[in-house]
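Colleague: Here is a sequence together with a model predicted from it:
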Amino acid sequence: MTRPFILGLTGSIGMGKSAVAGMLRDEGVPVFDADAEVHRLQGPGGALLPAIESAFPGTTGPNGVDRPKLGAAVFGKPEALARLEAIVHPAVADSRASFLTTHAAAPLVVFDVPLLFEKGGWQNVDGVAVVSAPPEAQAARVLARPGMTPEKFAQILALQVPDAEKRARANFVIDTGCALEETRQSVKELVSGLLAGKK
């Protein structure tokens, strides 16, 4: 039985990955958004709340996970973070598997995973597209976010594989440092190339 070509979509913070994921959806490609799935599982009534509350008491409530509290409980604490990931990752993997089952007849699907290289997810896809922009464009986008500081930005970057290495490891690079329509055209060409069976 044939299965879809699985394209991993990733990119460092502020590179425009969400915008590109939206463009892929516009092209009719099913996109599994790992971050959105985590938010759903940890949101109000989310399936992971009991396990998270048990491991990290006081970090959940009627609105789901209290992200600042949970963040404080795991930030800079590798063992605590590993405990949280052991709760979250298998649940996301289950959701991803059912997404694949749902879209088994699609020729192409996308796994939108921010930490694709960092967490080893690149081993589970057929090709990787990295969303990239010049460092000054990235910094301007990220520092415009509410509550973001240069220090926080530096901490986040330190946890991510550098953009140059991501681009070197990618099968495809989508540039978002240009006009939006140029990026959209790149996405269209990527999709048509993959659907035509070109690698």
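Modeller: Done, it's in.

Colleague: What are the contacting residues of the helix ranked longest in the chain?
Modeller: Counting residues, the longest helix found in the chain (DSSP state H) is helix 78-102. Contact with helix 78-102 is made by 3-4, 6, 30, 32, 34, 37-38, 41-42, 47-48, 51-52, 55-56, 70, 73-75, 109, 111, 119, as judged by C-beta atoms under 8 Å, 6 or more residues apart in numbering. The way it works is simple: take the backbone N, C-alpha and C, and place the C-beta from them, glycine included.

Colleague: Tell me the helices and strands packed up against the helix or strand that that helix is followed by.
Modeller: With elements assigned by DSSP states H and E, the helix or strand that comes after helix 78-102 is strand 108-112. When contacts are defined as 3 or more C-beta pairs under 8 Å, 6 or more residues apart in numbering; DSSP states H and E, strand 108-112 packs onto strand 5-10, helix 17-26, strand 31-33, helix 34-42, helix 78-102, helix 180-195.

Colleague: Quickly list the domain ranges of the chain.
Modeller: Using automatic domain parsing, the domain parsing of the chain gives 1-30+106-199, 35-102.

Colleague: now, of those, which is deepest in the fold?
Modeller: Most buried of the domains of the chain, by mean neighbour count (mean count of other C-beta atoms under 10 Å): domain 1-30+106-199, with a mean of 16.

Colleague: Now the terminal residues of stretch 138-150, how far apart.
Modeller: 12 Å (C-alpha to C-alpha, to the nearest Å).

Colleague: hang on, I meant stretch 122-134
Modeller: OK, stretch 122-134 end separation, C-alpha to C-alpha: 23 Å.

Colleague: returning to what we had before: can you give me the offset of the longest helix of the chain from its chain's centre?
Modeller: Its chain's average C-alpha position is 13 Å from that of helix 78-102, according to C-alpha atoms, centre = their mean, to the nearest Å.

Colleague: related to what we said a few turns ago, mean pLDDT for the domains of the chain - can I get that in CSV?
Modeller: CSV is the format used below for these (pLDDT from 0 to 100):
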stretch, mean pLDDT
domain 1-30+106-199, 92
domain 35-102, 93
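
Colleague: Return the residues in contact with residue 186.
Modeller: Residue 186 touches 174-175, counting by C-beta under 8 Å, 6+ apart.

Colleague: gap between it and residue 15?
Modeller: Distance check for residue 186 against residue 15: by C-beta to C-beta, to the nearest Å, it reads 13 Å.

Colleague: do residue 156 as well
Modeller: For residue 156 relative to residue 15 (C-beta to C-beta), the value is 12 Å.

Colleague: do residue 141 as well
Modeller: 8 Å.

Colleague: Overlap in contacts, the two.
Modeller: Common contact partners of residue 141 and residue 15 (C-beta under 8 Å, 6+ apart): residue 133.
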